[in-house]
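K.L.:
All I have is the shape, not the residue letters:
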């Protein structure tokens, strides 16, 4: 891959990283730094209704799941940026063949080519 292409992907990865970090900070703040009472807006001394607690717990679990997914993407972005520095960006981690530019434009942190990615997804579904 040419240096100009690598620079373009590096900028794309950095912009994507900043967006995800901002969203992740917001999710973590909502899920981890707010008590159930604060989240519900309840200022009274009464305990929350069981249904309200269940909804709050569901929302908290959902946000933590999103934060986990976002963190995994950040890890993939960091790996892609490292690969750019090492000179092996855009190479599939399974078959060692080049990843198509179309795929990298859609998912710049993609660690695998489309063929290897779909094979891994099939294995996950069968397990």
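P.N.:
Yep, that arrived. What you see is a predicted model; the values in this text were computed from it and never measured.
K.L.:
can you list the domains in the chain?
P.N.:
Per automatic domain parsing, the structural domains of the chain span 1-89, 90-127.
K.L.:
Would you reformat the ones you listed as CSV and include mean pLDDT?
P.N.:
CSV is the format used below for the domains of the chain (pLDDT from 0 to 100):
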stretch, mean pLDDT
domain 1-89, 81
domain 90-127, 95
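K.L.:
Could you export those domains as JSON lines, including mean neighbour count?
P.N.:
C-beta coordinates here come from the backbone N, C-alpha and C atoms, glycine included. Converted to JSON lines, those look like this (neighbours: other C-beta atoms under 10 Å):
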{"stretch": "domain 1-89", "mean neighbour count": "13"}
{"stretch": "domain 90-127", "mean neighbour count": "14"}
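K.L.:
Distance from the chain centre to stretch 117-127, please.
P.N.:
Centroid displacement of stretch 117-127 relative to its chain, using C-alpha atoms, centre = their mean, to the nearest Å, is 19 Å.
K.L.:
actually stretch 106-114, not the one I wrote
P.N.:
Going by C-alpha atoms, centre = their mean, where stretch 106-114 is centred and where its chain is centred differ by 13 Å.
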